[in-house]
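Peer 1: here's a sequence, model it:
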Amino acid sequence: EKKELVKSLRPFQLLLGTAAAGSRPTAVYLLLSNPGQLEVAFSFQSPSDLNLENAPYWCDEKALEDEREAHFGWVEEHGIYNIEPRAGEIPPGESLYVRIAYSHQSVGTHILPVVFNVRDGRSVLLYLKAHSV
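Peer 2: Prediction:
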C-alpha cells in the first residue's frame, strides 16, 4: 500500500551543489508557511522512516536497480543528509525554516528520496542530490 502511494507522487529534484570532500556541510533552507486558519502538521520521511521492505520503486515507472536501492540505504546509514526539524507543526499565519544539510564526507554523487507530508494534505517526493569531489 505505501509503495503504491509513494509511487504515485510526482518527484521534485533538490540539488545541493558540489564541493570538495571534507568541506563544511552545504545547507539549504526551506521556508514553510501556513497562510490558513488551522494548525498544520508536517513531516519528512526517508525510505527507512516508511518502514518498507526493501527500498521502494519510488515513482519511477521502471523498477530501480538493486545497486541504486542499496545506494539510498548507504546514504541514510552514513548520515549524508540531515533535515531539521524532520517533523513539526506550524500555527496559523506563521512560518518555519527547515534546514537540509549535505555532509561532504565521501567522494561521489549522493541521492536520497524523501517524502514531504502535510497531515490531511498533500505529499511531495523530493530527490535530494549533491556531489563531493
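
Peer 1: can you give me the helices in the protein?
Peer 2: For the chain, the helices defined by DSSP state H occupy 2-7, 66-77.

Peer 1: which residue is the nearest non-sequential neighbour of the most centrally placed residue in the chain?
Peer 2: The geometric centre of the chain, computed from its C-alpha atoms, lies nearest to residue 114 (CA atoms, centre = their mean), at 2.7 Å. Nearest-residue entry for residue 114: residue 126, 4.8 Å, with adjacent residues in sequence omitted and distances by CB to CB, 6 or more residues apart in numbering. Just so you know, the C-beta spots here come from the backbone N, C-alpha and C atoms, and that holds for glycine as well.

Peer 1: and the pLDDT for the one you found?
Peer 2: According to the prediction, residue 126 has pLDDT 92.

Peer 1: what pairs with it across the strands?
Peer 2: Beta-bridge pairing of residue 126, defined through DSSP bridges, involves residue 12, residue 114.

Peer 1: do the same with residue 109
Peer 2: residue 131.

Peer 1: need the contact list for it.
Peer 2: Residues in contact with residue 109, defined by CB atoms under 8 Å, 6 or more residues apart in numbering, are 129-131.

Peer 1: same check, this time on residue 16
Peer 2: By CB under 8 Å, 6+ apart, the residues touching residue 16 are 26, 28, 100, 102, 128-130.

Peer 1: can I get those in a markdown table including neighbour count?
Peer 2: Output for the contacts of residue 16, formatted as a markdown table (neighbours: other CB atoms under 10 Å):
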| residue | neighbour count |
| --- | --- |
| 26 | 17 |
| 28 | 15 |
| 100 | 22 |
| 102 | 26 |
| 128 | 22 |
| 129 | 17 |
| 130 | 26 |
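
Peer 1: ok, for the residue in the chain sticking out farthest from the centre, nearest residue in space, not its chain neighbours?
Peer 2: Centroid-distance maximum for the chain: residue 37 at 27.1 Å, with CA atoms, centre = their mean. The spatially closest residue to residue 37, leaving aside those adjacent along the chain, is residue 92, at 5.0 Å (CB to CB, 6+ apart).

Peer 1: alright, I will stop here.
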